[in-house]
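Trainee: okay, structure incoming, though there's no sequence with it:
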């Protein structure tokens with residue numbers, strides 16, 4: 001072979017490298033779809049939905065007789081495949097913990113984990129067995145007639161046994177039953193391994209339709225098939241519903257390319273349903289009768305009706321939670337979607353409750369009783385992305401900034417002046433005042449973007465290729481991160497208003513009383529409760545000699561907050577000293593703070609870190625950088641109301 005023909009390729013033996021490194025199956029699917037071979041034969045596009053276990057059962061169950069399926073009891077199954085690599089196990093632990101939270105049983109108790117053989121399964125053992133697995137399956141099973149069951153465990157076990165027969169393998173699974181909503185449901189977690197230790201692959205058509213049909217068979221066998229009267233009554237109720245219904249889906253399937261659909265049907269009952277529903281859609285502005293019997297459906301009808309249904313669910317949630325907490329509020333003061341308001345100004349208020357808007361995907365919401373008298377439903381994203389906030393705590397909620405960061409602008413600026421290239425050396429040459437650690441922070445940002453976005457490339461020598469639209473890509477990266485955590489929640493006080501009235505610490509009420517620009521408070525709802533609480537707190541402060549009244553005005557001591565903080569710290573330090581058997585030492589400004597970080601301590605004045613030495617301990621203000629240092633040695637220098645910590649690469653960095 002001549003030298004000009006030989007082309008060396010770096011990488012593993014027989015590896016194609018780059019995109020060619022994909023699995024053979026993926027390359028076959030891509031080539032088939034690109035060629036359109038199946039479509040040329042008049043068949044559907046090959047998507048691989050039948051690949052995996054139980055594909056045959058899934059296809060048979062999906063194509064069974066329409067009317068037989070219509071008489072079956074309805075069961076909704078939502079499925080999700082979760083990858084466990086990286087932070088996946090951390091998310092799996094958080095999900096398992098959350099589905100066992102308080103208040104999900106009929107008695108309001110924590111959920112109980114069970115499996116095929118035990119009514120009380122060990123979740124830690126299940127996760128330990130899953131450690132190192134590629135993925136995990138999560139299913140949410142909700143039967144329309146689930147309220148008829150006193151116990152859902154037998155139904156779940158029968159479903160899982162049937163799945164094992166369909167899949168041809170035993171399954172390692174755990175489940176929790178929830179009765180805290182109008183529709184009892186079950187969360188099922190399945191390990192992504194079969195009984196031979198291989199990766200468990202379930203055909204998509206079985207997950208989409210097969211499981212649902214199997215569950216419907218079981219419920220129908222228990223409760224009997226739905227009668228004609230039950231079916232007709234349910235369909236009649238759908239005519240006036242402000243949400244997407246089965247009648248709407250049928251109309252959408254039958255409309256032509258111009259979105260025209262006929263109201264007529266050979267069956268008189270179905271025709272009356274279609275005609276009644278079309279009239280309802282006309283009143284909603286979602287359908288128009290162009291000629292007698294022919295209707296045009298509006299563009300976006302499905303999306304609009306789905307959102308209307310979500311809105312109705314949110315209103316019901318608001319009513320239910322406010323009633324549960326015995327908080328009287330007018331429905332006129334409910335704010336269904338606080339997203340648009342957050343773009344104008346942050347939300348400050350009391351947490352009424354935290355809940356799941358999408359249990360399978362772990363999407364959470366907060367109901368916040370605002371200082372302006374409004375009660376809001378706020379989507380806060382993934383559960384593991386936000387810290388827990390207790391009920392009655394006072395919070396400040398603001399939208400997450402999804403614009404490019406200063407570090408992105410610096411990278412783009414340096415790259416523009418260096419032929420689209422960026423590196424640590426180039427950065428230090430561009431800005432002689434910058435430190436190497438400062439430049440490394442920019443590299444870490446590029447590494448994070450490279451893992452999740454396209455167009456960010458690094459050459460073998462460590463140089464980064466920065467494309468002209470780098471800032472647009474940075475904004476897209478931020479928006480993607482914002483999906484998991486769309487808002488920033490800052491806890492102003494973990495204490496309720498009642499708990500703040502006579503505590504000896506510096507409370508949120510105190511800070512609002514002495515600050516030059518307090519948060520505007522409306523004389524209605526929670527705002528009125530705040531005004532009443534402030535009046536009582538003023539009276540307490542005057543009794544303690546920390547405030548006085550002169551000519552109708554309240555005069556507060558200039559060192560009010562500092563005095564309250566020291567008073568509370570002294571009290572808590574005495575308690576901890578007795579508990580730990582150690583001497584408390586106050587950290588003065590300029591003094592070195594070092595020892596083992598034992599834990600955090602929540603006070604009315606804020607969150608503090610407990611630093612322990614051999615015979616003494618101290619309390620210093622908590623910082624988020626300490627989260628990963630629990631049980632480790634830390635050191636720093638106290639200054640003012642903080643500590644300049646020296647932790648790893650952050651040596652000398654003041655936080």
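Mentor: Sure, I can see it. Note that this is a predicted model, so its numbers are computed, not measured.

Trainee: how near is residue 260 to residue 304?
Mentor: According to CB to CB, to the nearest Å, residue 260 and residue 304 sit 19 Å apart. For glycine as for every other residue, the C-beta is placed from the backbone atoms N, C-alpha and C.

Trainee: got it, and residue 258?
Mentor: Distance, residue 258 to residue 304, by CB to CB: 19 Å.

Trainee: between these two, tell me which one has more neighbours.
Mentor: More neighbours surround residue 304 than the other of residue 258 and residue 304, with 17 against 9 (other CB atoms under 10 Å).

Trainee: per-residue confidence at that one?
Mentor: Here, the pLDDT recorded for residue 304 equals 94.

Trainee: so where's the stretch 201-350 of the chain uncertain?
Mentor: For the stretch 201-350 of the chain, no stretch has pLDDT under 70.

Trainee: three-state assignment of residue 586?
Mentor: coil (DSSP: H, G, I helix; E, B strand; the rest coil).

Trainee: number of nearby residues for it?
Mentor: For residue 586, using other CB under 10 Å, the count is 13.

Trainee: next: the one 5 residues further on.
Mentor: For residue 591, the tally of surrounding residues (other CB under 10 Å) stands at 13.

Trainee: could you find the closest non-adjacent residue to it?
Mentor: Ranked by CB to CB, 6 or more residues apart in numbering and with sequence neighbours excluded, the top spatial neighbour of residue 591 is residue 638, at 5.3 Å.

Trainee: and the helix or strand hosting the one you found, what does it pack against?
Mentor: According to DSSP states H and E, residue 638 maps onto strand 633-639. Counting contacts by 3 or more CB pairs under 8 Å, 6 or more residues apart in numbering; DSSP states H and E, strand 633-639 packs against strand 592-603, strand 642-645.

Trainee: now do the first one: which elements does it pack against?
Mentor: In this case it means strand 592-603. Checked by 3+ CB pairs under 8 Å, 6+ apart, strand 592-603 has helix 560-580, strand 606-612, strand 616-621, strand 633-639 packed alongside it.

Trainee: which helix runs longest in this structure?
Mentor: helix 301-324 (DSSP state H).

Trainee: that helix: which residues count as buried?
Mentor: 301, 304, 305, 308, 313, 314, 317, 318, 321, 322 (16 or more other CB atoms under 10 Å).

Trainee: pipe the helices and strands packed on strand 592-603 into TSV and attach distance to residue 226, mean neighbour count and mean pLDDT per row.
Mentor: Shown next, in TSV, are these (distance: least, CB to CB, whole Å; neighbours: other CB atoms under 10 Å; pLDDT from 0 to 100):
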stretch	distance to residue 226	mean neighbour count	mean pLDDT
helix 560-580	62	16	94
strand 606-612	55	19	92
strand 616-621	62	19	92
strand 633-639	64	17	87
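
Trainee: what about residue 279, neighbour count?
Mentor: Around residue 279 there are 16 residues (other CB under 10 Å).

Trainee: who's in contact with the most centrally placed residue in the chain?
Mentor: In the chain, the centroid-proximal residue (CA atoms, centre = their mean) is residue 382; its distance is 1.4 Å. Residue 382 makes contact with 362, 363, 364, 484, 485, according to CB atoms under 8 Å, 6 or more residues apart in numbering.

Trainee: what distance do you get for the fourth one to residue 472?
Mentor: Same thing as residue 484. From residue 484 to residue 472 the distance is 21 Å (CB to CB).

Trainee: next: residue 138.
Mentor: Residue 138 is 34 Å from residue 472, where distance means CB to CB.

Trainee: ok, of the helices and strands packed on strand 633-639, where does mean pLDDT dip lowest?
Mentor: When the helices and strands packed on strand 633-639 are ranked by mean pLDDT, strand 642-645 comes last with a mean of 79.

Trainee: quick one: residue 471 and residue 411 touch, right?
Mentor: No - look at residue 471 against residue 411 with CB atoms under 8 Å: they stay out of range, at 9.1 Å.

Trainee: and these two? Which one has more around it.
Mentor: residue 411 (26 against 17).

Trainee: residues of the helix or strand containing that one that come out buried?
Mentor: Residue 411 is part of helix 406-416 when elements are defined by DSSP H and E. Neighbour-count burial for helix 406-416 flags 407, 408, 410, 411, 412, 413, 414, 415 (criterion: 16+ other CB under 10 Å).

Trainee: what packs against that helix?
Mentor: Packing partners of helix 406-416 (3+ CB pairs under 8 Å, 6+ apart): strand 421-422, helix 424-430, helix 436-452, helix 470-484.

Trainee: now do 10 Å
Mentor: Contacts defined by 3 or more CB pairs under 10 Å, 6 or more residues apart in numbering; DSSP states H and E place helix 406-416 against strand 421-422, helix 424-430, helix 436-452, strand 464-465, helix 470-484.

Trainee: next, the angle helix 436-452 makes with it.
Mentor: For helix 406-416 against helix 436-452, the angle by axes from the mean of the first three to the mean of the last three CA atoms, to 10 degrees is 90 degrees.

Trainee: quick revisit: just send the buried residues of helix 406-416 back as CSV, with pLDDT and distance to residue 626 too.
Mentor: Listed next are the buried residues of helix 406-416 as CSV, based on pLDDT from 0 to 100; distance: CB to CB, whole Å:
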residue, pLDDT, distance to residue 626
407, 92, 23
408, 92, 28
410, 93, 28
411, 92, 29
412, 92, 33
413, 93, 34
414, 93, 33
415, 92, 35
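
Trainee: dump those residues into TSV; add distance to residue 250 as well.
Mentor: Putting those into TSV (distance: CB to CB, whole Å) gives the following:
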residue	distance to residue 250
407	53
408	49
410	56
411	53
412	52
413	57
414	59
415	55
